[in-house]
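> Provide a 3D model corresponding to the input given below.
(chains A and B)
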Amino acid sequence: MISKKLSQFRIGETGTVVIVNGEGRVRRRLFDMGITPGCEIYLRKKAPLGDPIEVTLRGYELTLRKNEADLVVMEMKEKY
Amino acid sequence: MKNFALAGNPNCGKTTLFNSLTGSTAHVGNWPGVTVDKRVGVCSLGKEAVNIVDLPGIYSLSPYTPEEVISRNYIIDEKPDCVIDIIDSTNLERNLYLTTQIMEMNVPVIVALNMMDVVEKNGDVIDELRLSQALGVPVVKISALKQDNLKRLMDLAIEAAEKKRNGKTVLEESPVGHLIKDLTIAFSSLGVSDPLFHACKLAELDELECANHPQLVNMVKEFQKVNVDSKFGQDYEALIADERYKYITSKYAIFMKKARKDDRVPTKSDKIDKVLTHVVFGIPIFLCILFVIFHFTFSENLFFLGGLFNSDCFDFIPDDSIWAGFKGLFYTENGINSPGVMLSNLVNGFTNIFSTLAGNALSGAPEWVSGLIVDGVLGGIFAVIGFLPQILVLFLFFSILEDSGYMARVAFILDKLFRKFGLSGRAFLPMIMGFGCSVPAMINTRTIADEKERIATIRVIPFFSCGAKLPILTAIAGCIAMAFGFNNVDLITMGMYVLGMVVAIVSVLLMRKTFMRGHSSPFIMELPTYHLPQAKSTALLVWDKAKHFVKKAFTVILASTIVIWFVSHFSWNWTYLPDEQMSESILSSIGQLFKPLFVPLGFGISEYGWVFVVAIVTGLIAKENVVATLGTLAASTLALMASKGIDVSATGDALNDLVMTMRATSSSLNPAALLAFIAYNMLTVPCFAAVATARGELTKKDFWITVIFWLAVSYVVSSAIYVIGSFWWTAFIYVAAIALIILCVHLYDKAKKNKEIKEANA
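Take a look at the predicted model:
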């Protein structure tokens, strides 16, 4: 298992949420949108300028900025 | 009558349901201090008529966003008889998250599984009976769009409202279950209503709850000390959010059978997105779409085909007929009209007939009566009505883009670029709409979540030169070309458009770096799946905008046109003046009074400069008035000049003649002064309709700051244009001043940022 931030994901990569950092409004919003530890997230695409990113989780698509994705620490299976 | 509240996630079809339930009886009401509309309507689908309250779309009942606080307080304080929780069935898990919070309140709840038609089309199945058993509240499958099952929903809701319901939480079995139980008992003994809801929120150490019930906060702190969770520690906010989702996944989501097993398999929306949000083509495609929209709304040369027909199909109408206004309805010798222009021509044709008939009917009346009614009232109002079709066409296109889900993608594509200016991608659409008309553009800023960002956007919208300002640009640029032999009218026009955009960007940057600071709002949003726009909802939206425009702007415009007509046609001793004597009117003396103010702008220096000043004033009603006023006043001014023995040029165009004559008699009226005149009109206080809209969108204080901001920016920028244009060496002074300002703002920004970081760490 390797650990990296959601903001460092490449298109097509999937991982599981370990911790959500940050505080207050932004962190709560991430939780409310379903980004909680244990949730599986798939990076679907990036905007033409590389930011924001679009992910799939809990059966729907969510857009967030790299700033916010930076708060989400992920765990992903090593490629083999 | 019973009150039912509609609650649900944004974009779950709430507004569609609201419209379907209440039909055309819905009326929009503004609640003070609230940025979002909370609408009320009457629904008589069920056994009895009920009031339906449409709450703002929310994801949670957290204390962080105004929408969530409004909804939360509404349910707690106003005690609706039933809450209809609308769920986007295509996204069951996340939508049920809000349900788990609403269920904690002591209020009858009914769950409406919306968009069932889409779910069924996807081949997915939801077992609503078992979901209802698990939730403990009635569940109804509906489609708000196709109006399926709405009567059953209302009947069940009315039935549910008859009984009392006690709150229920999914957190009973969780690590904080005991804490919530104890807090519930404590809240009950304090006599607080909805004790379970308050208990759950206090367990999260919710800001509002802690402030309202400080005596109970210690119970949570004590519990935290002894109960440190292995995964979340003492972070109960995270733990509770996680527990809710866990519960939903294990207990509720199992009642949905998905045909499509893997979320990673691309759907139809994904395939469309592959093209529209493409890394390379995404932005160019967006620009093309924009161009096509503007082309269809404003072009008088559709598809650049040029004039295909020599004779007009309305040539049989004699020129003096009241129907003559319809000539050139579909095409002119220059090209085919776009739908927007055709509609505009059609409306103008009818208003022409109306004005002519009114003029004929009043031919026996005193001159001032017919002048007031035909030129003053009708002229003013029809000038504005003439723009209504194009505004609506533009709105129609934009609402189609919004309804289809493309606008969310535009925000996605452009967010990074806009963040550099302290805005989010959502500010782009209102700015672009500003090129058409500031009124709908300002209304559209409601989609911007951050209030400071929204205010900053409203302030710069008029800098995106609207359709009504275009005549000023072309007319004055034409004068410059004629009088000074600079034959690139298109360059001047385009340069002025660019100037407006640059000023807008610089102002936003300055505002966001200084007194309008704020974190650019978090951009965590859902990209909706594409769907075909619905004719009915689009039509309703356009109709709503039309009503808004007509109602709000026209009360102001009607009053102001009457006032301006009076002051331009009466002298101080209240005698009526015909057009030719307008220079003796109250308006002209006011113009003379304010003329010295415009000395730094160049056109205030010359003896006859008051004409330009008056044009600016009449431009406040509608920017079309600027050129119209200049034309009228130019003719009488030329007559005045000729009577004084000045050699008047005579090319036929009154405005050109005036500029050329003024040029010959005074050296101050140079191209720079005329450019300053354009810039001033473009950047100053917009027309009354836009001002009234800004007033509606802003608080009183912010509104007045905005007006002062418009006056200041236009004055500074246009005087800079005149001064640099007349004395080129002053450019160095301006450059030095600008460099100094940039340095100061940069240092201020840096200091502020450091302070903010320190505060965040503390």
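> Quick one: name whatever helix or strand follows the longest helix anywhere in chain A.
In chain A, assigned by DSSP state H, the helix with the most residues is helix A:24-32. Using DSSP states H and E, the next helix or strand after helix A:24-32 towards the C-terminus is strand A:40-46.
> average pLDDT across the longest helix of chain A?
Averaged across helix A:24-32, the pLDDT comes to 86.
> per-residue pLDDT, the closest residue to chain A within the stretch 551-700 of chain B?
Relative to chain A, the nearest point of the stretch 551-700 of chain B is residue B:699 (22.2 Å; C-beta to the nearest C-beta). Quick note: C-beta positions are derived from backbone N, CA and C, even for glycine. Listed pLDDT for residue B:699 reads 87.
> what about it, neighbour count?
13 (other C-beta atoms under 10 Å in any protein chain shown).
> circling back: so which elements touch the longest helix of chain A?
With contacts defined as 3 or more C-beta pairs under 8 Å, 6 or more residues apart in numbering or on different chains; DSSP states H and E, the packing partners of helix A:24-32 are strand A:14-20, helix B:236-247.
> helix/strand/coil for residue B:58?
coil (DSSP: H, G, I helix; E, B strand; the rest coil).
> ok, the residue nearest to it when sequence neighbours are not counted - contacts?
Distances taken as C-beta to C-beta, 6 or more residues apart in numbering or on different chains place residue B:68 nearest to residue B:58, at 4.8 Å, with adjacent residues excluded. Applying C-beta atoms under 8 Å, 6 or more residues apart in numbering or on different chains to residue B:68 gives the contacts B:58, B:59, B:60, B:61, B:62.
> Check the spacing between residue B:68 and residue B:226 real quick.
From residue B:68 across to residue B:226, the span is 31 Å (C-beta to C-beta, to the nearest Å).
> Identify the residues contacting whichever residue of the stretch 101-250 of chain B sits closest to chain A.
Going by C-beta to the nearest C-beta, chain A is nearest to residue B:241 of the stretch 101-250 of chain B, at 3.6 Å. The neighbourhood of residue B:241, defined by C-beta under 8 Å, 6+ apart, consists of A:28, A:31, A:32, A:36.
> Equivalent analysis for residue A:29, please.
Residue A:29 touches B:59, B:62, B:64, B:522, B:524, counting by C-beta under 8 Å, 6+ apart.
> send the alpha carbons of stretch A:46-63 over as PDB?
Only the C-alpha atoms of stretch A:46-63 are listed here, as PDB (Å, rounded to 0.1, in the frame of the first residue of the first chain):
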ATOM      1  CA  LYS A  46      -8.900  17.000 -14.600                       C
ATOM      2  CA  ALA A  47      -9.900  20.400 -16.000                       C
ATOM      3  CA  PRO A  48      -8.000  21.700 -19.000                       C
ATOM      4  CA  LEU A  49      -5.700  23.800 -16.800                       C
ATOM      5  CA  GLY A  50      -5.100  20.800 -14.500                       C
ATOM      6  CA  ASP A  51      -7.300  22.200 -11.700                       C
ATOM      7  CA  PRO A  52     -10.000  21.500 -10.500                       C
ATOM      8  CA  ILE A  53     -10.300  17.700 -10.600                       C
ATOM      9  CA  GLU A  54     -13.300  15.500 -10.900                       C
ATOM     10  CA  VAL A  55     -13.700  12.300  -8.900                       C
ATOM     11  CA  THR A  56     -16.200   9.500  -8.600                       C
ATOM     12  CA  LEU A  57     -17.300   8.400  -5.200                       C
ATOM     13  CA  ARG A  58     -20.400   6.700  -3.700                       C
ATOM     14  CA  GLY A  59     -21.800   6.400  -7.200                       C
ATOM     15  CA  TYR A  60     -21.700  10.100  -8.100                       C
ATOM     16  CA  GLU A  61     -19.300  12.700  -9.500                       C
ATOM     17  CA  LEU A  62     -17.800  15.400  -7.500                       C
ATOM     18  CA  THR A  63     -15.600  18.300  -8.500                       C
END
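> Can you point out the buried residues in it?
Buried residues in stretch A:46-63, defined by neighbour count with 16 or more other C-beta atoms under 10 Å in any protein chain shown: A:46-48, A:51-63.
> from the residues you listed, which are also near chain B?
Among the buried residues of stretch A:46-63, the residues that sit close to chain B (C-beta under 8 Å from any C-beta of the partner chain) are A:46-48, A:51-52, A:54, A:56, A:58-63.
> thinking again about what came up before, tell me the buried residues within the contacts of residue B:68.
Burial by neighbour count, 16+ other C-beta under 10 Å: within those this picks out B:58, B:59, B:60, B:61, B:62.
> any chance you could map the helices in the stretch 601-750 of chain B?
B:610-618, B:624-643, B:654-665, B:671-683, B:688-697, B:700-726, B:730-761 (DSSP state H, counting those that start in this stretch).
> which residues touch residue 53?
All of this refers to chain A. A:6, A:7, A:9, A:43, A:45, A:46, A:47, A:63, A:64, A:65, A:66, A:69.
> Oops, wrong one, chain B.
Each residue near residue B:53 by C-beta under 8 Å, 6+ apart is listed here: B:3, B:4, B:5, B:6, B:38, B:39, B:40, B:74, B:80.
> what number of residues lie near the third one?
Okay, so that is residue B:5. Burial of residue B:5 is recorded as 24 neighbouring residues (other C-beta under 10 Å).
> That one should be in a strand, yeah?
Yes: checked against three-state DSSP, residue B:5 lies within a strand.
> quick one: secondary structure of the nearest residue to it once chain neighbours are set aside?
Excluding the flanking residues, the one nearest residue B:5 by C-beta to C-beta, 6+ apart is residue B:80, at 4.1 Å. Here residue B:80 is recorded as coil under three-state DSSP.
> for residue B:80, what are its contacts?
B:3, B:4, B:5, B:53, B:74, B:107.
> I'd say the second one and residue B:49 touch.
No: with contact taken as C-beta atoms under 8 Å, residue B:4 and residue B:49 are classed as non-touching, separated by 10.9 Å.
> What residue in the stretch 251-400 of chain B comes nearest to chain A?
For the stretch 251-400 of chain B, C-beta to the nearest C-beta, closest residue to chain A: residue B:282, 4.4 Å.
> What does the pLDDT read for that residue?
So residue B:282 comes in at 84 (pLDDT).
> residues in contact with it?
By C-beta under 8 Å, 6+ apart, the residues touching residue B:282 are A:47, A:48, B:276, B:413.
> What strand or helix carries the second one?
By that I understand residue A:48. Going by DSSP H and E, residue A:48 is not in any helix or strand.
> May I ask you to confirm that it is in contact with residue B:276?
No: with contact defined as C-beta under 8 Å, residue A:48 does not reach residue B:276; the gap is 10.6 Å.
> Just want to check the distance between the spatially most central residue of chain A and residue A:52.
Of all residues in chain A, the one closest to the mean position by C-alpha atoms, centre = their mean is residue A:6, 4.0 Å from it. Distance of residue A:6 to residue A:52, computed by C-beta to C-beta: 12 Å.
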